[in-house]
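A.B. asks: below are the sequence and a predicted model; questions follow.
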Amino acid sequence: MGQAKGLIGILLAVAVVIASFSIFTVNEREKVILFRLGEIVSTDYGPGLHWKTPFVNNVRKFDARIQTLDAEPERYLTGEKKNLIVDSFVKWRIKDVSNYFTATGGDAVRANLRLSQIIKDGLRGEFAKRTIKEAVSGERLQIMALITEQANRQAEAFGIEIVDVRIKRIDFPPEISDSVYRRMRAEREGVAKDLRSRGAESAETIRAEADRQRTVIIADAFRDAETIRGEGDAGATEIYAKAYGKDVEFYSLYRSLNAYKTTFGSKSDILVIEPDSEFFKYFK
């Protein structure tokens, strides 16, 4: 009885082992190839549990998610025969896992190398058709769209789908950057000099206009002052004439008193004159 139970246990263990070799799982993030003695049998497996023949079939799994190829910056010649350093990256994923395995052996590094060469060739051709200005700013989106389309046609043979090609950065080589910087600096200095000269010209114009207005204002003020002064003198003369006409003797006395006050304003003043002169007639 004990031997029977032991045999049953052994058979159950063997069954479990065989079952473990007969079942495989597929994740939704994976693509799977089922081989039979090294030959591809099937690739159409969805997520879940699947069966295979033990020791005859084997399974290889591949990442089905979008992967990134971040290429090293490369130099490309523009249509003007100028060098540009272009930094780009590629988003790709496995579309046909059978072709992917046949073309690359399922090696993502080998797939990246092939894709990198395709992208480099495409970028080289597109930049050679364009000027620096077009490549840097004007047609960057168009270049990326064309490269994506062209690369997809070539990568289809590898079972790969190019999701997107992006140009991260476009730079000048150091030797060209220096010359471009010097040229830009010279242009900015030229603009600054032009603005300064225009400012100086405007300042001179404003200064001349201010001086002219100042001269006009002073001249008008002097004219008005002289007019007012003349009118005042005329008024004073008229008042004096009227006062003199009303009482000549009193007016003469008043003028003489004012003359005495002015003449003898200080004790040290000396006047050499005849005592009986007309000046002292009101002292008699």
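C.D. replies: Thanks, I have it.
A.B. asks: against residue 247, how distant is residue 257?
C.D. replies: Using Cβ to Cβ, to the nearest Å, residue 257 is found at 14 Å from residue 247. Quick note: C-beta positions are derived from backbone N, CA and C, even for glycine.
A.B. asks: so for stretch 71-83, mean pLDDT?
C.D. replies: Averaging pLDDT along stretch 71-83 yields 85.
A.B. asks: in that stretch, what's buried?
C.D. replies: Of all the residues in stretch 71-83, those buried under the rule 16 or more other Cβ atoms under 10 Å are 71, 74, 76, 78, 82.
A.B. asks: now, those that are in strands?
C.D. replies: In strands, defined here by DSSP state E, the members of the buried residues of stretch 71-83 are 74, 76.
A.B. asks: once you drop chain neighbours, what's closest to residue 27?
C.D. replies: residue 47 (6.3 Å; Cβ to Cβ, 6 or more residues apart in numbering).
A.B. asks: isn't the one you found up against residue 31?
C.D. replies: No. In this structure, residue 47 is not within contact of residue 31 by Cβ atoms under 8 Å, at 10.7 Å.
A.B. asks: in terms of neighbours, single out the busier of these two.
C.D. replies: residue 31 (24 against 12; other Cβ atoms under 10 Å).
A.B. asks: roughly how far does the more buried one sit from residue 154?
C.D. replies: Distance of residue 31 to residue 154, computed by Cβ to Cβ: 21 Å.
A.B. asks: next, residue 162: secondary structure please.
C.D. replies: When classified by DSSP: H, G, I helix; E, B strand; the rest coil, residue 162 comes out as strand.
A.B. asks: what's the local residue count around it?
C.D. replies: When neighbours are counted by other Cβ under 10 Å, residue 162 registers 24.
A.B. asks: list the contacts of it.
C.D. replies: Taking Cβ atoms under 8 Å, 6 or more residues apart in numbering, we find residue 162 in contact with 90, 91, 92, 115, 148, 151, 152, 155.
A.B. asks: now for residue 261, how many residues are close by?
C.D. replies: 9.
A.B. asks: what about the stretch 151-284 of the chain, any weak spots by pLDDT?
C.D. replies: 175-180, 264-267, 269, 271-284 (pLDDT under 70).
A.B. asks: which residues of it fall in helices?
C.D. replies: For the stretch 151-284 of the chain, the helices defined by DSSP state H, counting those that start in this stretch occupy 174-246, 248-263.
A.B. asks: okay, residue 241 and residue 248: tell me how far apart.
C.D. replies: Residue 241 is 11 Å from residue 248, by Cβ to Cβ.
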